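*Asks:* only geometry, no sequence info:
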């Protein structure tokens, strides 16, 4: 399978694919999380990162690349244990330590527990990546169930608030916080009313927090992905939509998690020392104003 084929959904029979465990075993093309051409240079040596939603998709790619750059990683995830164990193996292959912390970020008590476990394991925290998210897509507002709207905000916004509030007292000058927002926060999403609204809230939270923490020497930035091939896509969309996912971009293809991860390295490292309150758009060439 060549590189172009790897970047698209495919009807290749399961037995002919290099498949991954857990939730990803239901995907008919695995997300690409580890670009062989990447050359690490110790940008995050001896740092400790806590990554929410780090078991698969974008979070897995970030965890893997952080490990390559010398960081130890704590991964917060819901209940996809097989995915998380796979990611842990990938992190440890790079000589880094990896702590798995399963639980529900919609609960403030769990967010506190997750940060405490990270500090107990590694003795410090340098980088927080708030990446966990869910999406329940509906075409019309009449179809959006109130409980689903609440769930989306509890996961995408409240979870981000809880984990950040607990993490900040442990951060010091030079530490960084990175939020995963979305191009939907800027341009809207017809079938993602609650998702786009939650990601816009994350964007406002990120920008406001950056103003609060700049005097402490803590930088706060974000990554805004376009259409990226992750387990969230087939889990939240019908097959008819999935098959053409990403083709609306100028590059006319879906992006892969491995194409986002270097942006998270940049924002976590001293290479972005003059950046705070900013968003990097990695979206296949779409021009976004905001």
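*Replies:* Sure thing, it's come through. The structure displayed is predicted, hence computed values, not measured ones. Residues are numbered from 1 along each chain as shown.

*Asks:* how near is the closest residue to residue 53 other than its chain neighbours to residue 126?
*Replies:* For residue 53, ignoring the flanking residues on the chain, the nearest one in space by Cβ to Cβ, 6 or more residues apart in numbering is residue 132 at 3.4 Å. Where you see a C-beta, it was placed from the backbone N, CA and C, and this is true even at glycine. For residue 132, the distance to residue 126 (Cβ to Cβ, to the nearest Å) stands at 19 Å.

*Asks:* Let me know how buried residue 120 is, in neighbour terms.
*Replies:* When neighbours are counted by other Cβ atoms under 10 Å, residue 120 registers 9.

*Asks:* Give me the most central residue, the chain.
*Replies:* Taking Cα atoms, centre = their mean as the criterion, residue 131 is the residue nearest the geometric centre of the chain, at 3.6 Å.

*Asks:* Residue 259 touches residue 283, doesn't it?
*Replies:* No. Using Cβ atoms under 8 Å, residue 259 makes no contact with residue 283, being 10.2 Å away.

*Asks:* Where does the closest residue to residue 111 other than its chain neighbours sit: helix, strand or coil?
*Replies:* Nearest residue to residue 111 in three dimensions, chain neighbours excluded: residue 162, at 3.6 Å (Cβ to Cβ, 6+ apart). Following DSSP: H, G, I helix; E, B strand; the rest coil, the label given to residue 162 is helix.

*Asks:* I'd like the distance between residue 162 and residue 156.
*Replies:* From residue 162 to residue 156 the distance is 12 Å (Cβ to Cβ).

*Asks:* These two: which is more packed in?
*Replies:* Remark: of residue 162 and residue 156, residue 156 carries more neighbours, 26 against 23, as counted by other Cβ under 10 Å.

*Asks:* Pretty sure residue 199 is one of the things the more buried one touches, is it not?
*Replies:* Yes. In this structure, residue 156 is within contact of residue 199 by Cβ under 8 Å, at 6.7 Å.

*Asks:* where do the contact lists of those two overlap?
*Replies:* Residues within reach of residue 156 and of residue 199 at once, by Cβ atoms under 8 Å, 6 or more residues apart in numbering, are residue 133.

*Asks:* related to what we said a few turns ago, hang on, the residue nearest to residue 53 in a strand?
*Replies:* No. Assigned with three-state DSSP, residue 132 falls outside any strand and is coil.

*Asks:* tally of neighbours for it?
*Replies:* Residue 132, neighbours per other Cβ under 10 Å, totals 22.

*Asks:* who's in contact with it?
*Replies:* Taking Cβ under 8 Å, 6+ apart, one finds 52, 53, 59, 76, 77, 78, 105, 155, 156, 159, 160 in contact with residue 132.
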